[in-house]
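Engineer: Quick one, fold the following:
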Amino acid sequence: MSGYLDIGYVPNKTDLVCEFYLEPNKISLEKAAEHIAAESSIGTWTDVITMSSDIAKKLAPHIFLINRKKHIVKIAYSSELFEPGNMPQILSSIAGNIFGMKVLKNLRLLDITFPHDIVKSFSGPKYGFYEIKKSLNVVDRPLLGTIVKPKVGLDALMHAQVAYNAWIGGCDFVKDDENLTDQHFNPFGKRLIETLKKREQAEKYTGERKIYLPNITAKTKEMIRRARFVKRHGGEFVMIDVLTAGFSAVQTIRELDLGVAIHAHRAMHAAITRNEKHGISMLALAKILRLIGVDSMHIGTAVGKMEGKQVDVLEIEGEIENIHVKKHQEVLMQEWGRIKPVLAVCSGGLHPGLVPKLIQLMGKEILIQAGGGIHGHPDGTTAGARAMRQAIFATQINYPIKAYAHLNPELKKALEKWGNK
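Structural biologist: Numbering: from 1, shown residues only. Coordinates of the predicted model:
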């Protein structure tokens, strides 16, 4: 196992490039990098007589950068190592056995650059960011969404009523939470039908388009059945817990082209992303999800209860909403070609008082999703949604939020309860 170090190698347009953080275990950084390169491509733990010089010359990876100070390693892989359009196979290589190697204390896949040959083998979002906003006729403001609360326990009629209350208060989106699917107290089919009825009523009441995101997460065949049921009853969106369901299941739903957009809920991601020295970064997962075809995606938020590092959240937003991503800091270059941008969803402990800072940091091309920050309003769900829309409007016209609250009782009560920072 040698010959993979190629410092100064310049990756070509057909190379898939991975950036790793690694901490070796009783060996040098260079030796640890070679173990990663070997195990993730053509090598194994010892020399084998079946390895030919032709295979090595054609498919050997290149360790082209080692930053000892930051423990950063970059490896370029020939795209011939990977089956086009097969994300499980790609990840089994670059994020598979390497995480269990004894020669490593810690290993984190920080970022991936997918070459054009691989990018074009995936469908990407069916609709994406721009078509979602166009369908809602929203141009100059962030979208607003909420989750029906409590997460579980409501029956179908109560669930639909909560959704209606949120819509008439100003929400564009209402979605199920990650652990509500088809429980006996709230069956999927009845919930969908009743909630879509309320959506139609809310649209007539407000004159605005509204969207419901039912959670179809289940076995793949059942997800297909549920997605078709949604489409048949006039729904335009489905939600999938993308990590617990699996990348290939999500890709199957996308490539069946059922006429529904896919919202990616990232439940379980922290089990993979939270350790800053081991696992896979949310940036890398976001790029994978864009490739396989989700239309909107949770990315966290730089403010609120699930606040992440501000720079990390902004990097993810830039990665999923842009076509050309230039290399900066530890973020690799990526050309997305025809792959459409994804709508970035910000959520986690948001309330009206945080809206100005959130928009200042992340801009208006986002979906602001508040659960407790809407349903926890002293006057209930509708007032909570109004307070969020008022906070968004005040921020857009550069009106101090505290002053605007004096003109709007819903916002005033929200700020009294949660403050404005």
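
Engineer: ok, the closest residue to residue 365 other than its chain neighbours to residue 266 distance?
Structural biologist: Among residues not flanking residue 365 along the chain, residue 321 sits closest, at 6.2 Å (CB to CB, 6 or more residues apart in numbering). No exception for glycine: its C-beta is placed from N, CA and C like everyone else's. Going from residue 321 to residue 266 by CB to CB, to the nearest Å gives 16 Å.

Engineer: Residue 190 too?
Structural biologist: Using CB to CB, residue 190 is found at 27 Å from residue 266.

Engineer: More neighbours: which of these two?
Structural biologist: Neighbour count, other CB atoms under 10 Å: between residue 190 and residue 266, residue 266 has more, with 23 against 15.

Engineer: nearest residue to the more buried one other than its sequence neighbours?
Structural biologist: Nearest residue to residue 266, sequence neighbours excluded (CB to CB, 6+ apart): residue 298, at 4.7 Å.

Engineer: wait, the one you found sits on residue 264?
Structural biologist: Yes - using CB atoms under 8 Å, residue 298 is in contact with residue 264, at 6.7 Å.

Engineer: quick one: which of these two has more around it?
Structural biologist: Using other CB under 10 Å, the more surrounded residue of residue 298 and residue 264 is residue 264, with 29 against 26.

Engineer: which ones are touching the more buried one?
Structural biologist: Taking CB atoms under 8 Å, 6 or more residues apart in numbering, we find residue 264 in contact with 239-240, 242, 250, 289, 294, 296-298.

Engineer: now do residue 344
Structural biologist: The contact partners of residue 344, by CB under 8 Å, 6+ apart, come to 129, 296-297, 299, 316-317, 320-321, 362, 365-367.

Engineer: nearest to residue 140, of those residues?
Structural biologist: Within the contacts of residue 344, distances to residue 140 taken as CB to CB reach their minimum at residue 365, with 10.4 Å.

Engineer: Can you pull out the low-pLDDT segments for the stretch 1-150 of the chain?
Structural biologist: Scanning the stretch 1-150 of the chain for pLDDT under 70 picks out 1-2, 45-46, 49-52, 55-56.

Engineer: any chance you could map the strands in it?
Structural biologist: Here the stretch 1-150 of the chain has its strands, by DSSP state E, counting those that start in this stretch, at 15-24, 62-67, 72-78, 104-113, 143-147.

Engineer: quick one: contacts of the second one?
Structural biologist: By CB under 8 Å, 6+ apart, the surrounding residues in contact with strand 62-67 are 4-11, 15, 29-30, 33-34, 37, 72-76.

Engineer: Stretch 86-104 now?
Structural biologist: Stretch 86-104 has contacts (CB under 8 Å, 6+ apart) with 16, 18, 22-27, 31-32, 35-36, 39-41, 77, 81-83, 107, 109, 112, 118, 122, 247-248, 251, 278-280, 288, 291-292.

Engineer: Can you say which of these are buried?
Structural biologist: Of the members of the contacts of stretch 86-104, the ones counted as buried by neighbours, 16 or more other CB atoms under 10 Å, are 16, 18, 22, 24, 32, 35-36, 39-41, 77, 81-82, 107, 109, 112, 118, 122, 247, 251, 278-280, 288, 291-292.

Engineer: Pretty sure residue 164 sits in a helix.
Structural biologist: Yes - under DSSP: H, G, I helix; E, B strand; the rest coil, residue 164 sits within a helix.

Engineer: Relative to residue 178, how far out is the closest residue to it other than its chain neighbours?
Structural biologist: Nearest residue to residue 164, sequence neighbours excluded (CB to CB, 6+ apart): residue 198, at 3.9 Å. Per CB to CB, residue 198 is found 21 Å from residue 178.

Engineer: what does residue 185 give?
Structural biologist: As for residue 185, its distance to residue 178 is 17 Å (criterion: CB to CB).

Engineer: what's the answer for residue 391, then?
Structural biologist: The spacing between residue 391 and residue 178, counted by CB to CB, is 26 Å.

Engineer: higher neighbour count, those two?
Structural biologist: Using other CB under 10 Å as the criterion, residue 391 and residue 178 rank with residue 391 on top: 32 against 19.

Engineer: Wait, the more buried one touches residue 355, no?
Structural biologist: Yes - between residue 391 and residue 355 there is a contact under CB under 8 Å: 3.9 Å.

Engineer: Please enumerate the shared neighbours of those two.
Structural biologist: Common contacts of residue 391 and residue 355, defined by CB under 8 Å, 6+ apart, comprise residue 401.

Engineer: thought the residue nearest to residue 164 was touching residue 167?
Structural biologist: Yes - counting by CB under 8 Å, residue 198 touches residue 167, with 7.5 Å between them.

Engineer: So for these two, which sits in the more crowded spot?
Structural biologist: More crowded of residue 198 and residue 167, by other CB under 10 Å: residue 167, with 28 against 23.

Engineer: what's the closest non-adjacent residue to that one?
Structural biologist: For residue 167, ignoring the flanking residues on the chain, the nearest one in space by CB to CB, 6+ apart is residue 202 at 3.6 Å.

Engineer: for the residue nearest to residue 170 when sequence neighbours are not counted, phi and psi?
Structural biologist: Distance criterion CB to CB, 6+ apart; nearest residue to residue 170, sequence neighbours excluded, is residue 389 at 3.5 Å. Dihedral pair for residue 389: phi -60, psi -40, per degrees, to the nearest 10.

Engineer: Likewise for residue 240?
Structural biologist: The phi/psi pair for residue 240 (degrees, to the nearest 10) is phi -130, psi 130.

Engineer: neighbours of it, just the number please.
Structural biologist: Residues lying near residue 240 (other CB under 10 Å) number 27.

Engineer: Go through the contacts of residue 264 and flag which are in strands.
Structural biologist: Within the contacts of residue 264, residues falling in strands by DSSP state E are 239-240, 296-298.

Engineer: Could you state which residue of the protein sits nearest its centroid?
Structural biologist: residue 297 (3.6 Å; CA atoms, centre = their mean).

Engineer: so what's that residue up against?
Structural biologist: Neighbour list for residue 297: 263-264, 266, 286, 289-290, 320, 342-345 [criterion: CB under 8 Å, 6+ apart].

Engineer: got it, and residue 78?
Structural biologist: Residues in contact with residue 78 (CB under 8 Å, 6+ apart) are 14-16, 58-59, 61.

Engineer: I figured residue 214 hits residue 194, correct?
Structural biologist: No - under the criterion of CB under 8 Å, residue 214 is not in contact with residue 194, lying 11.1 Å apart.
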